[in-house]
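Asker: got a structure for you, letters missing:
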């Protein structure tokens, strides 16, 4: 028997199946990317806090930093030196692009004492379009213990540290 190739109906079925598989892959990839954006931003925020505390201890002088919609920046008041030598926006995590939503009740200036104690605390909630994952970061006084978790309250309300629930995935 001669090999004639695919008939038109067979070809249409193959193209349709490939299109559906491609579409499902794009949807899954978009959610994975959104989840990764939230995870990266939460860890980056946490690392910046730890780095700032280390800087205060290392230099034996108080310092501060401010959380804005684009990330950590030098304190706006200018009363304290910045904790980090180069405070720049947290590029690459979705900050400032509209892809990542950041809500917090941190003070306008997060202050660290010369012995590394935290003088201010609060809660940060991170979410992104394309995923239901909401990460929270709670900074407790005075030791500055940072806890990451899954936020379990309404994201439209003010961040609440009691709604930051433990997450086995962390």
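Answerer: Arrived safely. Everything quoted here is computed from the prediction, not taken from an experiment. Residues are numbered from 1 along each chain as shown.

Asker: now the strands for this structure?
Answerer: Assigned strands in the chain, in chain order: 63-68, 71-73, 100-104, 110-112, 122-128, 134-139, 146-151, 164-165 (criterion: DSSP state E).

Asker: looking at those, spot the one closest to residue 35.
Answerer: Taking C-beta to C-beta, strand 122-128 is the member of the strands of the chain nearest to residue 35, at 7.6 Å. Placement of C-beta: from N, CA and C, glycine included.

Asker: what about residue 10, distance to residue 168?
Answerer: For residue 10, the distance to residue 168 (C-beta to C-beta, to the nearest Å) stands at 47 Å.

Asker: more neighbours: those two, which one.
Answerer: Counted by other C-beta atoms under 10 Å, residue 10 and residue 168 do not tie: residue 10 has more neighbours, with 10 against 5.

Asker: can you pull the pLDDT of the more buried one?
Answerer: As predicted, residue 10 sits at a pLDDT of 84.

Asker: OK, contacts around residue 143?
Answerer: Residues in contact with residue 143 (C-beta atoms under 8 Å, 6 or more residues apart in numbering) are 117-118.

Asker: give me phi/psi at it?
Answerer: phi -80, psi -10 (degrees, to the nearest 10).

Asker: use 28 as the first number for this chain going forward.
Answerer: Yes, from this point I'll number from 28; that puts the last item at residue 170.

Asker: the lowest-mean-pLDDT helix or strand in the chain pairs with which strands, and in what direction?
Answerer: Lowest by mean pLDDT, DSSP states H and E among the helices and strands of the chain is strand 98-100, with a mean of 81. Applying DSSP bridges, strand 98-100 is found paired with strand 90-95 (antiparallel).
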